[in-house]
Structures are given as C-alpha cells and as structure tokens.
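S.K.: build me a model:
(chains A and B)
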Amino acid sequence: DTGVSQNPRHKITKRGQNVTFRCDPISEHNRLYWYRQTLGQGPEFLTYFQNEAQLEKSRLLSDRFSAERPKGSFSTLEIQRTEQGDSAMYLCASSLGTGGSGANVLTFGAGSRLTVL
Amino acid sequence: AQSVAQPEDQVNVAEGNPLTVKCTYSVSGNPYLFWYVQYPNRGLQFLLKYITGDNLVKGSYGFEAEFNKSQTSFHLKKPSALVSDSALYFCAVRDRSGAGSYQLTFGKGTKLSVIP
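M.R.: Predicted coordinates for the structure are as follows:
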C-alpha cells in the first residue's frame, strides 16, 4: 500500500484552458474526497464519493468543476475554462466507510498544485 | 453549520518546553474532532481524533488533545517539544448528526515553530 497518490503534482496552465487531476486512493478505501487549499487557509471540502456514487458536493464546486469515480477506484477532478482564482492546491483523501477503528480518518495525498496564469 | 477556529496563526516554543495549539469548534450536535499536521511539500497527516469516551486523547508522536465540551475546545498539547515538531497544524470537526454529510471542516491552521 503506497498511500494516496495524486497526479500531476504541479500544473501550470493559461486562463481558459481545461485541466484534469487524478487521484488513486488506498485500495481498500471506499470513500474518496476532494478538498481545495489556498495559501494561509485550511482545506475546503469540494466533493465526496462512496464507491462510484458522488454523494455530496460543496457550493464551491461550480459548474466548471466536475469529478468522477467511474469504477469506484481512482477519481478525476476536471476544471474547465480555468480562472486565476482556481489557483490552489487540490487535495484528495480516502477513508474506510465502516464502523471500525479506521472510520472517519482521512488519509490525504500530497496534492496537485494548480497555477493559472 | 459547523466551524473551527484556531486563534493563533503562529506559536513559538523553545525545544523541551510544553506546547499548546488552540482549537475551538462549533457544531449543532456532537462533534467528531481531529488534528492533522502538514509538513512542507507533503500531505496532511493524521495525528489524533476524538469520537467519544475519554476526554483526553493520545495520538502520534507524543501528542495529546483534551476535549472540553463546555468550552467547545480541543486543544493540542505535547509535554516536551522537539524541533522536528515544527509544522502547520490543522484542527477539523465533523458534526456526528450531520445527516449523512461526511464533510470535514478545517481551521485555518497554526504554524508551530520549535526553537532549538
């Protein structure tokens, strides 16, 4: 188990371009989360999957953002028509969805840093 | 709505001295509370959690936190600070009665600097 993997680690793009980030969670974790973190702030919740079902979305997730987890394993977060305000660190996390000791503890990846010029 | 406040942007402490990083929370029901630590260029790492039971929770690397329901606080503590403890610390809360929401709300973070 290599933890939560995110790619790419860094992405620089021009305003108006589309970008996609990938997250590979811990294999036995059925819950997957996306958060966004800007400088000087804590992570802000974007969306949550249980298996392949997207069960919760934040108001922060505008219609330019879309997330998928097609087979209940890896997930992608796509941002269309990027804006400078989208510049942030995008964090993926996963967790077990049971009542065991691992419940509710999120394991985070190292993040994907987006810079929009 | 749930929220977390970390009133100190930065805490400085001498190596070997005790440290405290403060956190207060607000939820409509009972909380799940967490502390995470973030080192440069690395993801957030789980330190400890309070779900129920004993108010004093022990976690990784010698850290502990005390849940105080009346003061709605969950301060992080360590008896003797190490230089390697220098990092960014985040408190997080989730309302246990959150009607199926698994959203964690984080504070803004507190930068801990341990001075040799």
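S.K.: B:E66 - how many residues pack around it?
M.R.: 16 (other Cβ atoms under 10 Å in any protein chain shown). In short, each C-beta sits where N, CA and C put it, glycine included.
S.K.: next one: A:Y48
M.R.: Burial of A:Y48 is recorded as 24 neighbouring residues (other Cβ under 10 Å).
S.K.: which other helices and strands contact the helix or strand hosting it?
M.R.: Secondary structure assignment for A:Y48, by DSSP states H and E: strand A:44-50. On a contact count with 3 or more Cβ pairs under 8 Å, 6 or more residues apart in numbering or on different chains; DSSP states H and E, strand A:44-50 meets strand A:31-37, strand A:53-57, strand A:65-68.
S.K.: tell me which residue is most central in chain A.
M.R.: When Cα atoms, centre = their mean is applied to chain A, the residue found nearest the centroid is A:W34 (2.9 Å).
S.K.: by proximity to chain B, which residue of chain A wins?
M.R.: In chain A, no residue comes nearer to chain B than A:G42, which is 3.3 Å away by Cβ to the nearest Cβ.
S.K.: pop out the phi and psi values for that residue.
M.R.: Phi and psi for A:G42, reported as degrees, to the nearest 10, are phi -80, psi 170.
S.K.: do the same with the one 10 residues further on
M.R.: Note on A:E52: backbone dihedrals following degrees, to the nearest 10 are phi -90, psi 0.
S.K.: how close does the closest residue to it other than its chain neighbours get to A:Q50?
M.R.: With Cβ to Cβ, 6 or more residues apart in numbering or on different chains as the measure, A:G72 is the residue that lies nearest to A:E52, at 4.3 Å, once sequence neighbours are left out. Counting by Cβ to Cβ, to the nearest Å, the separation of A:G72 from A:Q50 is 9 Å.
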